[in-house]
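> here you go, sequence then predicted model.
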Amino acid sequence: MEPSKTTTLIGHHERPDWLPRPVWPFPMAALEVDGRRVVVSDSGGPGPVLLFCHVGLWSLLWRDVMLELSGSYRCVTLDPPGSGLSERVGAKEQTIAGAASAVGAVVDALDLSEITLVVHDLGGLAAFAAMSEREERVARVAVANAFAWRPRGVLLPAALGMFGSVIVRELNAAFGWMPKGSSTRFGVGKHLERPAKRAWRRGLADRSRRRATHRLFRDARRSRDIHRAAEAGVEALSDRPLLTIFGQFGDYLGFQRRWRRLRPDVERRTIRRGLHFPMADDPVAFARHLDEWIQRTA
């Protein structure tokens, strides 16, 4: 994985009219990463840093956990290039390596240190790859339904292949089934009010962003470079405290078993009746688990 070549802190990012302050109450700034605008939200006090990394959809899914924790922590999140509030990019730039470069650029530009890294979904690959070159900045890692290794076996490659396929990609681009489905209680919508659900769908409204989601899944299956970088990150951070927070019914692909094999010392928490988005299924419990673990491992 090549690191970001150029990063410039632009400053304030103008709030789109479809994202009112009550829906996303955090200040937004923009970085220019290799010529592309990446939007970052940096909120909270001078306390310990929480860096929330999701790749595939967009950062609104972290809102309620950030609201719970921003009184005591500095909460930072971003939308990788081509996702959410960040600038659209071409098909060849819709990669996990691009997302990893954006994560690393945010860490460098904001000079973040003593980070508690909180990763979800494909954010695991991107964040561990980025931190393989910045391990001294990470204090601990929390994993929510994410992996950080080369897909092996049957189920994970098959799932990535299906969601990364041209047929599924173009069906979503045409009909928007993923924004609609993921805004329900079976996705991120269990505790979102109606304006927030509308904003969630709006952040995935254009066809370029819908297609980007599926190209990221395809890349997560195929990219040997990003697999090696993520695995190097797991190794580099093997002496940091590790927590997994999964939904009770959300570990469809057996990620927790693999984390236990890699790290027998991992601590585990379960969100009761949670699915793929445990931070949205019960943000209060998710935030409490994070806070108690951070305080104990500080």
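Now that the structure is in, tell me what you want to look at.
> from here on, contacts and neighbour counts on C-alpha atoms
Noted.
> number of nearby residues for the closest residue to Ser41 other than its chain neighbours?
Distances taken as CA to CA, 6 or more residues apart in numbering place Met28 nearest to Ser41, at 4.6 Å, with adjacent residues excluded. For Met28, the neighbour count with other CA atoms under 10 Å is 19.
> and Met28, what does it touch?
12-15, 39-42 (CA atoms under 8 Å, 6 or more residues apart in numbering).
> let's go with 6 Å and repeat that
Met28 is in contact with 13, 40-41, counting by CA atoms under 6 Å, 6 or more residues apart in numbering.
> what secondary structure does the most centrally placed residue in the chain sit in?
In the chain, the residue lying closest to the centroid (CA atoms, centre = their mean) is His54, at 0.9 Å. Three-state assignment for His54 (DSSP: H, G, I helix; E, B strand; the rest coil): strand.
> am I right that it is in contact with Gly124?
No. Judged on CA atoms under 6 Å, His54 makes no contact with Gly124 at a distance of 7.6 Å.
> which residues of the stretch 1-150 of the chain fall in strands?
Assigned by DSSP state E, counting those that start in this stretch, the stretch 1-150 of the chain shows strands spanning 7-12, 28-33, 36-44, 49-55, 74-79, 115-121, 138-146.
> reformat those strands as CSV; add mean pLDDT and distance to Gly161.
Conversion of the strands of the stretch 1-150 of the chain to CSV gives the following (pLDDT from 0 to 100; distance: least, CA to CA, whole Å):
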stretch, mean pLDDT, distance to Gly161
strand 7-12, 72, 32
strand 28-33, 93, 29
strand 36-44, 93, 27
strand 49-55, 98, 17
strand 74-79, 98, 23
strand 115-121, 98, 15
strand 138-146, 98, 17
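> please, where are all the helices along this protein?
Per DSSP state H, the chain carries helices over the ranges 63-69, 96-109, 123-131, 155-163, 166-175, 177-182, 194-202, 207-222, 224-236, 255-262, 278-281, 283-297.
> Ala139: which of those helices is closest?
For the helices of the chain, the distance to Ala139 is smallest for helix 283-297, at 9.3 Å, taking CA to CA.
> tell me the buried residues in the closest one?
Residues of helix 283-297 classed as buried under the neighbour-count rule (16 or more other CA atoms under 10 Å) are 283, 285-287, 289-291, 293-294.
> repeat for stretch 37-47
37-44.
> same list (the strands of the stretch 1-150 of the chain) but as TSV, adding distance to Val107.
TSV is the format used below for these (distance: least, CA to CA, whole Å):
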stretch	distance to Val107
strand 7-12	11
strand 28-33	11
strand 36-44	11
strand 49-55	9
strand 74-79	10
strand 115-121	9
strand 138-146	10
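> where are the low-confidence patches of this structure?
For the chain, applying pLDDT under 70 flags the ranges 1-7, 9-10.
> thinking again about what came up before, next up, the contacts around the residue nearest to the centre of the chain.
Going by CA under 6 Å, 6+ apart, His54 touches 120, 123.
> neighbours of the closest residue to Pro195 other than its chain neighbours, how many?
Leaving aside its sequence neighbours, Pro195 sits nearest to Val23 (CA to CA, 6+ apart; 6.9 Å). When neighbours are counted by other CA under 10 Å, Val23 registers 20.
> what about Val23, distance to Arg224?
Distance from Val23 to Arg224, counting by CA to CA, to the nearest Å: 38 Å.
> sorry, back to before: what bridges to the residue nearest to the centre of the chain?
When assigned by DSSP bridges, His54 has beta-bridge partners His120.
> distance check, it against Ala126.
His54 sits 9 Å away from Ala126, going by CA to CA.
> buried residues, stretch 77-84. List them.
So stretch 77-84, judged by 16+ other CA under 10 Å, has buried residues 77-84.
> how far does that stretch sit from its chain's centre?
9 Å (CA atoms, centre = their mean, to the nearest Å).
> again, but for stretch 171-182
The answer for stretch 171-182 is 20 Å, by CA atoms, centre = their mean.
> touching it from outside, list them.
Applying CA under 6 Å, 6+ apart, the external contacts of stretch 171-182 come out as 188, 201, 207, 210.
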